[in-house]
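J.: Starting from these lines, generate the structure:
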Amino acid sequence: MKTTALITGASSGIGKELARIHAENGGNLIIVARSANKLNQLKNELEEKYSGKVHVIAKDLANPNAPKEIYEEVQNQGLQIDFLINNAGFGGRGKFHERPWEKDLAMINLNITALTALTRYFLPHMVQRNKGKILNVSSPASFMPGPLQAVYYASKAYVTFFSNALSEELHDTQVTVTNLMPGATETEFAKISGMEETSLFNKTVSAVSVAKDGYKGMLVGKLDVISGLTFPQKMMKVALPFIPKKVLLSQIRKMQEVS
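T.: Numbering: from 1, shown residues only. This is a model prediction of the structure:
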């Protein structure tokens, strides 16, 4: 029996590659993003190559009403969500007090509120069936505070802790929640967030490899999947508990400054 995956942020980057992987595995898709044109191009590509059906929902998840509208459309179409993949998100560099509040509010709405709302709408159906998988895309940024990306880092900390807590709440069910933490990845994220010229994006990994790691981890119900970290980043992760916080904050700020 075909599984149906709902993937947000599916028009590019990791989300697009996750859609391709699911389609290649014979599944049906509901793909969500702002751009109807990009979604329809992906729909045509996947339906030509694979046997699954692709349903397009063009919504801006920074709009607080979007999650409910997506849920209602899915229900009205009589579709069952087997995999919920909350991939959509964006960042933004700069001092918090200088950044446009509208951009940070949209970031909170997308990275936190939409992810939480979609999970709340679809999770009860999974629990009722005692079957389903959720993949939330967080970041290694969730391990630490992020000067010059204060809201983004904090939003990803929310995603990681929310995902991990849900996983434990569901320990006595067959529903799993996996938290994907990609390192610097070849997507539009760096350009949109203003991080292109920072040291954090000196070396990136492909969106394909990150998507494969996340999808595989989701299928087996892994708690956390860390993908695409460079060796220095891995060493820093290990050292985090031992670095004085003021030193850590200074290091992170410098990594996010444009030279």
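J.: how close does residue 61 sit to residue 113?
T.: As defined by Cβ to Cβ, to the nearest Å, residue 61 lies at a distance of 9 Å from residue 113. For glycine as for every other residue, the C-beta is placed from the backbone atoms N, C-alpha and C.
J.: So if I had to pick from those two, which one is more boxed in?
T.: residue 61 (25 against 18; other Cβ atoms under 10 Å).
J.: anything in contact with each of residue 61 and residue 113?
T.: Common contact partners of residue 61 and residue 113 (Cβ atoms under 8 Å, 6 or more residues apart in numbering): residue 67.
J.: Return the set of buried residues in stretch 224-236.
T.: 225-229, 233, 236 (16 or more other Cβ atoms under 10 Å).
J.: Which ones among these map onto strands?
T.: 225-227 (DSSP state E).
J.: And the furthest pair within the buried residues of stretch 224-236?
T.: Using Cβ to Cβ, the two most remote members of these are 225 and 236, lying 18.4 Å apart.
J.: For residue 113, give its distance to residue 54.
T.: Taken as Cβ to Cβ, the span from residue 113 to residue 54 is 26 Å.
J.: before we move on, what about residue 128?
T.: Look at residue 128 and residue 54: by Cβ to Cβ, they are 26 Å apart.
J.: So for the two, which sits in the more crowded spot?
T.: Remark: of residue 128 and residue 54, residue 54 carries more neighbours, 22 against 11, as counted by other Cβ under 10 Å.
J.: any idea how far the nearest residue to residue 58 once chain neighbours are set aside is from residue 168?
T.: Excluding the flanking residues, the one nearest residue 58 by Cβ to Cβ, 6 or more residues apart in numbering is residue 36, at 3.8 Å. Residue 36 is 38 Å from residue 168, where distance means Cβ to Cβ.
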